[in-house]
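Visitor: Here is my input, please return the structure:
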Amino acid sequence: MGRSTGGEVGERGAARAGRDCDAEPGHGGCAVRPPTLRLRELEERRDPALLFRAHKSSLVNLKHVKEVAPWFGGRYKLAMRDAAGSEGALSRVQTRTLRARLRW
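Guide: So this is what the prediction gives:
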């Protein structure tokens, strides 16, 4: 394999621009994608009044929550204000925190 500049695919497939990476001969370089962030990193940078960690796999913009509805197993689901009518899980642990924040 030859060395080419353009981007480095790092941990979890995140590309970091401006670094060397391995490229197959004749490939012409690496695909450069914008750097990706983990939810934990986004959470650290977030505006706490705006984004909320609803579940271990999701951050939610509180301005876009339409409804908090009971679900199964003592959990709740969040209905969002979007054209698709998206829904997401609210973990039991985070339910207490969200109740306090929204005073519901």
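
Visitor: Just the buried positions in the lengthiest helix in the chain, please.
Guide: The helix that spans the most residues within the chain, counting by DSSP state H, is helix 92-102. Within helix 92-102, the residues scored as buried using 16 or more other Cβ atoms under 10 Å are 94-95, 98. To be clear about C-beta, it is placed using only N, CA and C from the backbone, and glycine gets the same treatment.

Visitor: hey, where'd the helices end up in this structure?
Guide: With DSSP H as the criterion, the chain has helices spanning 39-45, 92-102.

Visitor: Among these, show the one with the smallest mean pLDDT.
Guide: Looking at the helices of the chain, the lowest mean pLDDT belongs to helix 39-45 (a mean of 82).

Visitor: Identify all contacting residues around it.
Guide: 37, 51, 53, 56-59 (Cβ atoms under 8 Å, 6 or more residues apart in numbering).

Visitor: And stretch 75-93, by the same measure?
Guide: 54-56, 58, 60, 64-71, 73-74, 95, 98.

Visitor: Next step: these restricted to strands.
Guide: Members of the contacts of stretch 75-93 lying in strands (criterion: DSSP state E): 54-55, 58, 60, 65-70.

Visitor: Show the buried residues in those.
Guide: Buried by 16+ other Cβ under 10 Å: 54-55, 60, 65, 68, out of the ones in strands among the contacts of stretch 75-93.
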